[in-house]
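# next come a sequence and a model predicted from it.
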Amino acid sequence: MPPKPFIVNGKSPVAILFFFLLIYSLLAMHYSLAQSPTPPSALAKAQNDYNFQYSKYRDAQEKYITARSSYFLFKTATAKNDAFVATKNHLDQVVKLYVTFGYLTREYINSFNWGNFNDQKIKSISILDNQTATLTSFQQQIAATITLEQLPPIAADLKTYLEGEFASKHNKVLSSLEIGEAESTLDDFNSLAGVLDQVVVFKLRSGGTKSILANWTSEIKNIRVNTQKAITEAKNLNSQTRQDQAKEGELDAIIRTTEKAKSELKRSKPLFEEVIRII
């Protein structure tokens, strides 16, 4: 008959090892979200695409400025055509830059679980879809032009759109994104704290390092309460904005509030590491 497995405090070494692997995996998951992780491949690709389009935009902008100056200086048909080509390409690159900015925002939205704030994730993606459709229509207008005179009205309309409706709707997306990210990190915090709480309760009953663990439990509770309070405040601020738009000041207020939540959650890292060493 094979020997019985060695038991420590009623648990086998395999069970204990599994438990601590679970703790460390949850800890890694929590702090990968809380402290700017290496982006997943889709997010990394979207970031690279945006950086590429930004580089092309700056190049097109320089050529536009040069061609525009030459046209004003020489006033020839060739200079005018060069100005037309450069201006058209510049406007097209502006649109492409904002389209890739939307894709980058979308991939960041998809990079974490929004939990019970998922309805705002869906609304945010819908806003981004509508923005892409509007930008595509500008792209089509630009592509259809054949003279320099056709471009300034399109440029004016594009500028009005980007500085007005686009900006306010993207502010709304970013407001929801801030709250969704804070909610997601709080969920991970709660998952990890829930696992550790069970062990701490057992240790408290056995009398081991009783006062330290009691204070650990109290501090974790404070972090949870303060974080939830900040997130609730941010949600209230978000609910006071328009359904699909937010002003710059409204976005700033929401960011300041979610930063309170993120600061609270960051305080939990040394506490989690400490209690793992103790137990």
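Okay, I see it. Residues are numbered from 1 along each chain as shown.
# in terms of helices and strands, where is the residue positioned nearest the centre of the chain?
Among the residues of the chain, the one closest to the centroid is Tyr108, at 4.8 Å (CA atoms, centre = their mean). Secondary-structure assignment from DSSP states H and E places Tyr108 in helix 77-109.
# which other helices and strands contact that helix?
Taking 3 or more CB pairs under 8 Å, 6 or more residues apart in numbering; DSSP states H and E as contact, the helices and strands that helix 77-109 lies on are helix 41-74, helix 118-143, helix 151-161, helix 167-206. Backbone N, C-alpha and C define where each C-beta goes, glycine included.
# hmm, back to that, if we ignore the residues flanking it in sequence, what's nearest the residue nearest to the centre of the chain?
Counting by CB to CB, 6 or more residues apart in numbering, Tyr108 lies nearest to Leu43, which is 6.1 Å off, once chain neighbours are set aside.
# spit out the contact partners of Gln120.
Neighbouring residues of Gln120 by CB atoms under 8 Å, 6 or more residues apart in numbering: 114, 176, 179-180, 238.
# 6 Å instead, please
Gln120 is in contact with Ser176, counting by CB atoms under 6 Å, 6 or more residues apart in numbering.
# okay, it: pLDDT?
pLDDT, Gln120: 95.
# so it versus Glu274, what's the distance?
Gln120 is 35 Å from Glu274, where distance means CB to CB, to the nearest Å.
# please apply the same query to Phe117.
30 Å.
# same check on Lys203?
Taken as CB to CB, the span from Lys203 to Glu274 is 13 Å.
# with neighbour numbers in mind, choose between those two.
Taking neighbours as other CB atoms under 10 Å, Lys203 and Glu274 compare with Lys203 leading, 19 against 13.
# for the more buried one, which non-adjacent residue is closest in space?
Using CB to CB, 6+ apart, the closest residue to Lys203 is Leu213 (5.5 Å).
# where's the one you found, which helix or strand?
Per DSSP H and E: Leu213 is located in helix 210-239.
# and that helix, which residues are buried?
213, 216-217, 220, 223-224, 226-228, 230-231, 233-235, 237-238 (16 or more other CB atoms under 10 Å).
# cool, stretch 136-154 as well?
By 16+ other CB under 10 Å, the buried positions in stretch 136-154 come out as 138-139, 141-142, 145, 148, 150-151, 154.
# any weak-confidence spans in this structure?
1-40, 205-209 (pLDDT under 70).
# ok, now with 50
1-38 (pLDDT under 50).
# quick one, phi/psi of Phe112?
phi -150, psi 170 (degrees, to the nearest 10).
# what about it, how many neighbours?
Phe112: 20 neighbours (other CB under 10 Å).
# OK, contacts around it?
With CB under 6 Å, 6+ apart, Phe112 has these contacts: Ser184.
# still on that earlier bit, ok, the buried residues of helix 210-239 vs Glu165, which is closest?
Asn238 (18.8 Å; CB to CB).
# grab the nearest non-local neighbour of that closest one.
Counting by CB to CB, 6+ apart, the residue nearest Asn238 is Ser175, at 5.2 Å.
# separation between that neighbour and Glu273?
Counting by CB to CB - Ser175 and Glu273 are separated by 33 Å.
# neighbour-wise, which of those two wins?
Ser175 (26 against 12).
# now the helices and strands packed on helix 77-109 as a markdown table including distance to Ala83?
Conversion of the helices and strands packed on helix 77-109 to a markdown table gives the following (distance: least, CB to CB, whole Å):
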| stretch | distance to Ala83 |
| --- | --- |
| helix 41-74 | 4 |
| helix 118-143 | 15 |
| helix 151-161 | 9 |
| helix 167-206 | 28 |
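# among these, which is the most enclosed?
Among the helices and strands packed on helix 77-109, ranked by average contacts under mean count of other CB atoms under 10 Å, first place goes to helix 167-206 (a mean of 19).
# quick one, it and helix 77-109 angle?
20 degrees (axes from the mean of the first three to the mean of the last three CA atoms, to 10 degrees).
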